[in-house]
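A.B. asks: got a sequence here, can you build the structure:
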Amino acid sequence: MAELTQEEHIREYVNTMRQHFATYHNHKENMSYLATTFYITGAGVLLTQYKAPTINKLIYQICMSFVVVILSLIAFFFVKWQLIRRDIANDIVSACDNLRLSWLSRFTNKLNLSPATYKWIVMPQFLADEIQTITSRPSETTILPKMATLTAILIVFCVLVVRILT
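C.D. replies: Below is the predicted model of the structure:
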């Protein structure tokens with residue numbers, strides 16, 4: 001069996017990184033939207049089933065407001081964290097795609113193979129450099145879904161608080 005050349009190792013590494021982080025991207029996206037769906041569903045149930053007690057209404061409102069605030073903050077920051085991780089994976093996948101496309105015309109042996117990190121991920125310097133060229137260009141395709149999802153959570157939170165306090 002023939003030994004792989006350095007170029008073949010590098011190409012295989014980039015392909016593997018791309019596949020891994022494409023799967024990771026999908027997982028993070030699914031987790032964030034699933035958490036948002038559960039949050040909005042739970043809030044919907046609370047909104048439609050809520051009946052203020054006739055006695056100790058003030059204590060009930062304070063307790064329910066506290067619970068809603070805590071659960072909403074947990075949901076908001078969990079979803080935000082998932083979407084940030086999704087963006088990181090998106091950057092890595094895009095960089096791998098850019099490298100693979102550029103290598104279709106000509107592979108260069110002058111790649112910097114020294115270890116580097118992007119966020120918390122160890123990778124060769126040439127891949128980290130490619131990611132830096134991608135992250136310098138903000139993308140509406142990643143900003144709009146994130147803002148829409150987080151805004152939906154905030155709107156539902158405000159509706160819940162108003163419902164509890166009235």
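A.B. asks: need the helices for the protein, in chain order.
C.D. replies: 6-49, 57-105, 125-135, 140-165 (DSSP state H).
A.B. asks: for the record, mean pLDDT for the second one?
C.D. replies: Here the mean pLDDT over helix 57-105 is 88, rounded to a whole number.
A.B. asks: quick one: that helix to helix 140-165, angle?
C.D. replies: Put simply, helix 57-105 runs at 170 degrees to helix 140-165, going by axes from the mean of the first three to the mean of the last three CA atoms, to 10 degrees.
A.B. asks: helix 57-105 packs against which elements?
C.D. replies: Where contact means 3 or more CB pairs under 8 Å, 6 or more residues apart in numbering; DSSP states H and E, helix 57-105 is packed against helix 6-49, strand 115-118, strand 121-124, helix 125-135, helix 140-165. All C-beta spots, glycine's among them, are computed from the backbone N, C-alpha and C.
A.B. asks: picking up where we left off before, of all the helices of the chain, which one is nearest L111?
C.D. replies: In terms of CB to CB, the element of the helices of the chain nearest to L111 is helix 125-135, at 4.2 Å.
A.B. asks: give me the most central residue, the chain.
C.D. replies: Nearest residue to the geometric centre of the chain (CA atoms, centre = their mean): L83, 1.9 Å.
A.B. asks: thought it was touching T149?
C.D. replies: Yes. At 6.9 Å, L83 and T149 qualify as touching, with contact defined as CB atoms under 8 Å.
A.B. asks: hey, what's in contact with both of those two?
C.D. replies: Contact criterion CB atoms under 8 Å, 6 or more residues apart in numbering; residues shared by L83 and T149: S32.
A.B. asks: contacts only, for the residue nearest to the centre of the chain.
C.D. replies: K28, E29, S32, P145, K146, T149, L150 are the contacts of L83 under CB under 8 Å, 6+ apart.
A.B. asks: can you check D129 too?
C.D. replies: Per CB under 8 Å, 6+ apart, neighbours of D129: N112, A116.
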